[in-house]
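# Sequence below, structure please.
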Amino acid sequence: MSLGLVAFVGAPNVGKSTLFNRLIGKRVSIVEDTPGVTRDRLYGQAEWLTKTFSLVDTGGVEIKNAPFQTEIRAQVQIAIEEADVIVFVVDGKMGLSGDDEQVAKMLYKSNKPVILAVNKIDNVDKIPDINDFYALGLGDPLPVSGSHGIGIGDLLDKIVSMLPEKENNQYEDAITFSFIGRPNVGKSSLTNALLGQERVIVKDIAGTTRDSIDTPFQVEGKNYVAIDTAGLVKKGRIYEAIDKYAAIRALAAIDRSEVAVMVIDAETGILDQDRHVCGYALDAKKAVVIVVNKWDLALKGQQQQDFEAEIRRRFKFVDFAEVVFVSAKTGRGMDKILPAIERAYENSRRRVPTSILNQIIADAQTMNPTPEFNHGRLKIMFASQVGVNPPTFVFFCNNPAFAHFSYTRYLENRLRESFDFTGTPFNIVYRERK
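Here you go, the predicted structure:
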């Protein structure tokens, strides 16, 4: 099933980021006892009762004209529009505030399922009176504690019960891909140039994700589906903030794609947001192709090998991705995109014979013995590939706690040297073999 999206919204310093970190199981959002620390949206994934869903953390909404409030309100509004379920977080210690009422007004207009989570209920024996929050008109308040984990199971139960069922795309004989990246890097231009050049568009079909369009087409007998997302239709402050807060569109497109095509603007160069957006594709374990668009507008004297070297330096987490230089405007290099997508797609489905896999792992351990870690040395007795898209390997060993991340990286490199896994990430899982 496709992932649902859950957005955390609320006033500043109510503990949204603490709850967010608790649900995804790791510390991602900056947690600080200072209002307004979280400004940009942060993303993650959580799993409960076999259901996986995406989470988005947002900045705090205030009545007063605090710094960044225009941008924060804009990004919160975008998160509300895209979310399937909204967790409205309020402070159980401070009680009902005017800022809470301001956020509630935003949620009234959304017509989205809302869970009212009263946070900072850190002592189950002394639960403060939370009945005042009924005045918000958003249902029964749910007492929780992000810091102590109280009520988290009930919160997850409620989230899962309210998430809609989303059907996967039914394109079994086609490669689905999406262009992702910052606004104004030329994603739509690339889509139009790619489809217009081949002149084999079949039809436009509304996708299962809001505001998305699936465009099936065929080239040389091979079927593809380009997934595109429509731009924001609201005007005013939200539209003005689109450049800074558009990454949430990429989440929906990545979720529904088999290959994520990361687009970088050669004219403006590489920015931190490029790395953030590409990180979403890696988190989703999608095959990745990097396309450098607007190469006709690159700095005079700029060499492709130098630009690619900079990409490799700043995108080390996707060093497996192929880099293609194109210009949607002139058409230069456009014929290289689909072959790169197909290579990434095929490699994400590559299977390694069990006998060869075990020989590679055995040779790797002989050439470079495992280091001592957590008071022991890892010993892999048997390896098996258990899945594709992405390729997933299970290493049966004496104790998974002895596996150091650097040695896992070493084993991955040995596999990549033996087989062509260009364009695809790996999943390596350790299991104890008794």
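# Correct me if wrong: residue 311 contacts residue 264.
Yes: Residue 311 is within contact range of residue 264, at 7.2 Å (criterion: Cβ atoms under 8 Å). C-beta: built from backbone N, CA, C; applies to glycine.
# so what's in contact with these two at the same time?
Both residue 311 and residue 264 are contacted by 270, 290, 292, under the criterion Cβ atoms under 8 Å, 6 or more residues apart in numbering.
# Let me know the secondary structure of the second one.
The three-state label given to residue 290 by DSSP: H, G, I helix; E, B strand; the rest coil is strand.
# Can you name the residues bridging to it?
Following DSSP bridges, residue 290 is listed with bridge partners residue 262, residue 323.
# so what's it scoring on pLDDT?
As predicted, residue 290 sits at a pLDDT of 97.
# so what's it up against?
Neighbour list for residue 290: 261, 262, 264, 278, 311, 315, 318, 321, 322, 323, 324 [criterion: Cβ under 8 Å, 6+ apart].
# Now that we have the shared contacts of residue 311 and residue 264, can you turn them into TSV and tack on distance to residue 399?
Shown next, in TSV, are the shared contacts of residue 311 and residue 264 (distance: Cβ to Cβ, whole Å):
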residue	distance to residue 399
270	41
290	37
292	44
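# Tell me the helix or strand right after the worst-scoring helix or strand of the chain on mean pLDDT.
When each helix and strand of the chain is scored by mean pLDDT, DSSP states H and E, strand 205-206 comes last, with a mean of 38. Where DSSP states H and E defines the elements, the next helix or strand beyond strand 205-206 is strand 212-219.
# what is the rounded mean pLDDT of that following strand?
In this model, strand 212-219 carries a mean pLDDT of 78.
# Check which helices and strands it sits against.
Contact partners of strand 212-219 among helices and strands, from 3 or more Cβ pairs under 8 Å, 6 or more residues apart in numbering; DSSP states H and E: helix 187-198, strand 205-206, strand 222-229.
# So what sits opposite residue 43 in the bridge?
Beta bridges link residue 43 to residue 56 when assigned by DSSP bridges.
# number of nearby residues for it?
22 (other Cβ atoms under 10 Å).
# and if you look at residue 324?
Here the number of neighbours of residue 324 (other Cβ under 10 Å) works out to 21.
# Tell me the pLDDT of it.
Residue 324 is given a pLDDT of 98.
# Also the one 10 residues further on?
Residue 334 carries a pLDDT score of 94 in this model.
# Show me the shaky parts of the stretch 101-250 of the chain.
Low-confidence segments of the stretch 101-250 of the chain, defined by pLDDT under 70: 124-127, 166-170, 197-213, 228-250.
# all helices of the stretch 301-434 of the chain, in order?
Here the stretch 301-434 of the chain has its helices, by DSSP state H, counting those that start in this stretch, at 304-314, 337-348, 354-367, 405-418.
# What helices and strands are in contact with the last one?
In other words, helix 405-418. Contact here means 3+ Cβ pairs under 8 Å, 6+ apart; on that basis helix 405-418 packs against helix 354-367, strand 427-432.
# List the contacts of the spatially closest residue to residue 418 that is not a sequence neighbour.
Nearest-residue entry for residue 418: residue 360, 5.3 Å, with adjacent residues in sequence omitted and distances by Cβ to Cβ, 6 or more residues apart in numbering. By Cβ under 8 Å, 6+ apart, residue 360 lies in contact with 352, 414, 415, 418.
# Can you tell me which of those residues has the most neighbours?
Neighbour max across those (other Cβ under 10 Å) = residue 415, 20 neighbours.
# quick revisit: can you tell me which of the helices and strands packed on strand 212-219 is packed in deepest?
Of the helices and strands packed on strand 212-219, the one with the most neighbours on average (mean count of other Cβ atoms under 10 Å) is strand 222-229, at a mean of 21.
# For it, C-alpha coordinates in PDB please.
The C-alpha trace of strand 222-229 is given here as PDB (Å, rounded to 0.1, in the frame of the first residue of the first chain):
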ATOM      1  CA  LYS A 222       9.000   0.100 -23.500                       C
ATOM      2  CA  ASN A 223       6.300   1.500 -21.200                       C
ATOM      3  CA  TYR A 224       6.900   4.300 -18.800                       C
ATOM      4  CA  VAL A 225       4.800   6.400 -16.400                       C
ATOM      5  CA  ALA A 226       5.900   9.900 -15.600                       C
ATOM      6  CA  ILE A 227       4.500  11.100 -12.200                       C
ATOM      7  CA  ASP A 228       4.000  14.800 -11.900                       C
ATOM      8  CA  THR A 229       2.500  16.900  -9.100                       C
END
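# What is it packed up against?
Counting contacts by 3+ Cβ pairs under 8 Å, 6+ apart, strand 222-229 is packed against strand 174-180, helix 187-198, strand 212-219, helix 247-255, helix 337-348.
# pretty sure residue 138 is touching residue 114, no?
Yes: counting by Cβ under 8 Å, residue 138 touches residue 114, with 5.0 Å between them.
# and the two? which has more neighbours close in?
residue 114 (23 against 19).
# How about the contacts made by the more buried one?
Taking Cβ under 8 Å, 6+ apart as the criterion, residue 114 is in contact with 85, 86, 87, 88, 107, 138, 139.
# Relative to residue 419, how far out is the third one?
What it means is residue 87. Look at residue 87 and residue 419: by Cβ to Cβ, to the nearest Å, they are 43 Å apart.
# Looking at these two, which is more packed in?
Neighbour count, other Cβ under 10 Å: between residue 87 and residue 419, residue 87 has more, with 27 against 16.
# Point out where the stretch 251-400 of the chain drops to low pLDDT.
Where the stretch 251-400 of the chain drops to pLDDT under 70, the residues are 252.
# returning to what we had before: looking at residue 311 and residue 264, which one has more neighbours?
Using other Cβ under 10 Å as the criterion, residue 311 and residue 264 rank with residue 264 on top: 25 against 21.
# where does the more buried one land in three-state SS?
Residue 264 - assigned by three-state DSSP - is strand.
# Tell me the spacing between it and residue 339.
As judged by Cβ to Cβ, residue 264 and residue 339 stand 19 Å apart.
# related to what we said a few turns ago, can you list the helices and strands packed on helix 405-418 in a markdown table and add distance to residue 81?
Output for the helices and strands packed on helix 405-418, formatted as a markdown table (distance: least, Cβ to Cβ, whole Å):
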| stretch | distance to residue 81 |
| --- | --- |
| helix 354-367 | 46 |
| strand 427-432 | 32 |
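# With residue 45 as the reference, name the closest of those.
Set against residue 45 and scored by Cβ to Cβ, the helices and strands packed on helix 405-418 come closest in strand 427-432, at 13.9 Å.
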